[in-house]
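Asker: fold the stuff below for me.
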Amino acid sequence: IARVHRQMGLAFAGGGLIGVLFVIVTLDRFFEGDVRYIAITVGIMVSRSIMAAARGTLAGHRRFAGYGGTIALEAGALLTGGVIAAIADLPAPAFALVMAIAPLATLLARPFADIEGTGAPSDVDAQPGSFLAWLILATTASQLIIAGGPIAVSFVGGSAAAVSIFFTTFALLRGPVTSAYHLVARVLPDFTALAQGDDPKAVWRWAPRITGGAVVLAVLGAVGAGLLLGTIIEIVYGADFVPPTLAAVLGGAGVGLGLGALFATQIYSATARGAMLAAGWGIALAAAVFTLVIATGLDPIERVALGFVVGEATGLAILGLVLPTIVTRKR
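Answerer: Residues are numbered from 1 along each chain as shown. Model (predicted):
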């Protein structure tokens, strides 16, 4: 485990370096040339890396009450800091600084205390370091699909206003997925136990069930977003932030598919099949980028929304149907 911790540290450092380089390169495009965002990015990467390690430790030792506590602590710190910054009428970097500091509140749950190994030894034949590398690649690809939209809108010719509209719209739409990130920490240990049980195929039978449920959620999400999202955004943010109806429908569908893909991903983590997971999300990212390239007839917001839903649909299809079929047939 010490070797894995060292590799985690290298991964966090690499992510921080990429984040800083991105801010430097796009300082004028996205950050109005304010160099303070470089330092804030470093702070965000460090604090969220600590939070990720803390939550992973708690979930891995099945300390789910403590895990829930870290969620409440971070959310409370974010809300408190945001309210203070708003009341004091502080500029945007102050809100970004709150985002850098708030994750450290998770340490109040003492996540690294009393973590002696009480779990059963693993029967999965895997190299933790190798799996971690594949997991990083998979996560990077999946996060680019679900969270890289505002950047993509700018790069395909969208105005600053279009970037803001897309960000506001999809920040609201991603709420269920963001909340589900916390739930999968509860599901993953059970999937792992199932994968190591008497019938290893049992965990793979969950994949098509998850896929079917995701399709239902996608339909409901598309209809609900098409009917209600514009009104909600107009009430909360104003009419200037209302997205095109097509973008709202595509976003709602993509969120439903993304929820399914997120839970299907846990099967691959539970069975230590990192290479398969990275391949699935890599193909999904390629499909999303290809869609951005060819969908030139749409405006930037609709174009990126279409790329998002194609990426999530591809990821779900591969992880939820194609690869599970291959694995179960081999066995």
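Asker: most distant residue from the middle of the chain?
Answerer: Asp198 (32.1 Å; Cα atoms, centre = their mean).
Asker: that one and Thr271, how far apart?
Answerer: Here the criterion is Cβ to Cβ, to the nearest Å. By it, Asp198 lies 15 Å from Thr271. For glycine as for every other residue, the C-beta is placed from the backbone atoms N, C-alpha and C.
Asker: try Leu10
Answerer: To Thr271, Leu10 is 25 Å away according to Cβ to Cβ.
Asker: between the two, tell me which one has more neighbours.
Answerer: Thr271 (21 against 13; other Cβ atoms under 10 Å).
Asker: quick check: closest non-adjacent residue to the more buried one.
Answerer: Distance criterion Cβ to Cβ, 6 or more residues apart in numbering; nearest residue to Thr271, sequence neighbours excluded, is Ala195 at 4.8 Å.
Asker: isn't the one you found right up against Arg273?
Answerer: No: here Ala195 does not reach Arg273: they are 9.7 Å apart, not a contact under Cβ atoms under 8 Å.
Asker: for Asp299, grab phi and psi.
Answerer: phi -70, psi 160 (degrees, to the nearest 10).
Asker: run a quick neighbour tally on it.
Answerer: So Asp299, with other Cβ under 10 Å, has 16 neighbours.
Asker: leaving out the residues flanking it, which one is nearest to it?
Answerer: Pro244 (6.8 Å).
Asker: ok now do the one you found, which residues does it touch?
Answerer: By Cβ atoms under 8 Å, 6 or more residues apart in numbering, the contact set of Pro244 is 299, 301-302.
Asker: go on, Leu246?
Answerer: Applying Cβ under 8 Å, 6+ apart, the residues near Leu246 are 298, 302, 305.
Asker: state the distance from it to Ala295.
Answerer: From Leu246 to Ala295 the distance is 11 Å (Cβ to Cβ).
Asker: kindly report the same for Gly56.
Answerer: In terms of Cβ to Cβ, Gly56 sits 37 Å off from Ala295.
Asker: same thing with Gly280?
Answerer: 22 Å.
Asker: just the strands in this structure please.
Answerer: For the chain, no strands turn up when DSSP state E is the criterion.
Asker: how many neighbours does the nearest residue to Trp281 once chain neighbours are set aside have?
Answerer: With Cβ to Cβ, 6+ apart as the measure, Ala141 is the residue that lies nearest to Trp281, at 3.9 Å, once sequence neighbours are left out. As a burial measure, Ala141 scores 22 neighbours (other Cβ under 10 Å).
Asker: nearest to Gly81, of the contacts of Pro244?
Answerer: Ile301 (30.1 Å; Cβ to Cβ).
Asker: OK, contacts around the closest one?
Answerer: Ile301 touches 153, 158, 162, 165-166, 169, 243-244, 247, counting by Cβ under 8 Å, 6+ apart.
Asker: residue nearest the centroid of the chain?
Answerer: Centroid-nearest residue in the chain: Gln143, 4.9 Å away (criterion: Cα atoms, centre = their mean).
Asker: just the pLDDT at that one, thanks.
Answerer: For Gln143, the pLDDT comes out at 91.
Asker: now do Ala171
Answerer: Ala171 is given a pLDDT of 90.
Asker: so how far is Gly60 from it?
Answerer: Relative to Gly60, and taking Cβ to Cβ, Ala171 is found at 30 Å.
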